[in-house]
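**Student:** Below: sequence and its predicted model.
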Amino acid sequence: MEDYKRTTPLFSLCGLNCGLCPRYRTQGDSQCPGCGGPDFRLKHPACSVITCSRKHGSVEYCYQCSAYPCERYSRKGDHDSFISYRNVITDFDKAKTLGTDQYIAELQEKIEILEYLLDTFNDGRRKAFYCNAVNLLPLSDLREIKKQIQETCGGDGKSTGNTANSPAGRGTSQPGGPQKEQIEEIVRLFEARAADLNLSLKLRK
């Protein structure tokens, strides 16, 4: 596949919120640059969705295609990858209704909440949980949960200094980091809200 670049690599062509994916947040050779990010072709030498897009006017997002929703979206999958596919159609609908710029702005706020959690309340084992929870829960609930975290756990949104400042470096706390009880309370807050919405925060395997 020839080089593929996009202006918004954190919101993919096929509708995934790449900026909330654990693989984007990892370190080393396995780190994904997002959809059409730097060196994308080296990490993803083939992508059927990109090939399809080029046959349909090289749309920036699948929902902009005249054939959307095609069979790819009409058949609901019950398996996830590194990030959940459950909200793809809902997120595309929101992007269509609000406009892409507004959707990206809301996604950026979600990314900031995720980075707050990874910088301040990660014991080295919660990255996947935080990524999935922030991806699946509505932004309004995430705002409220963050407020509760700041009130109950004392998190001020500033980095503890235990993680690197780059997205690839986030998610690996060092000794002296957040307390076990704080993290357990944060997980409880997320799971309680998910239960209210009848939503599972686990990836479908």
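**Tutor:** That came in fine, so what should we check first?

**Student:** right, and the helix or strand after the worst-scoring helix or strand of the chain on mean pLDDT?
**Tutor:** Using mean pLDDT, DSSP states H and E, helix 71-74 stands out as the lowest-scoring helix or strand of the chain, at a mean of 83. Downstream of helix 71-74, the first helix or strand assigned by DSSP states H and E is helix 88-98.

**Student:** Show me where this protein has its helices.
**Tutor:** Along the chain, the segments classed as helices by DSSP state H run 40-43, 48-55, 71-74, 88-98, 100-120, 127-136, 139-153, 180-196.

**Student:** most packed of those helices?
**Tutor:** Stretch with highest mean neighbour count among the helices of the chain: helix 127-136 (a mean of 23; mean count of other C-beta atoms under 10 Å). Glycine gets a C-beta too; all of them are placed from N, C-alpha and C.

**Student:** Who are the packing partners of that helix?
**Tutor:** For helix 127-136, the packing partners by 3 or more C-beta pairs under 8 Å, 6 or more residues apart in numbering; DSSP states H and E come out as helix 100-120, helix 180-196.

**Student:** Might one say that Gly37 is in contact with Phe11?
**Tutor:** No: taking C-beta atoms under 8 Å as the definition, Gly37 is not a contact partner of Phe11, at 11.4 Å.
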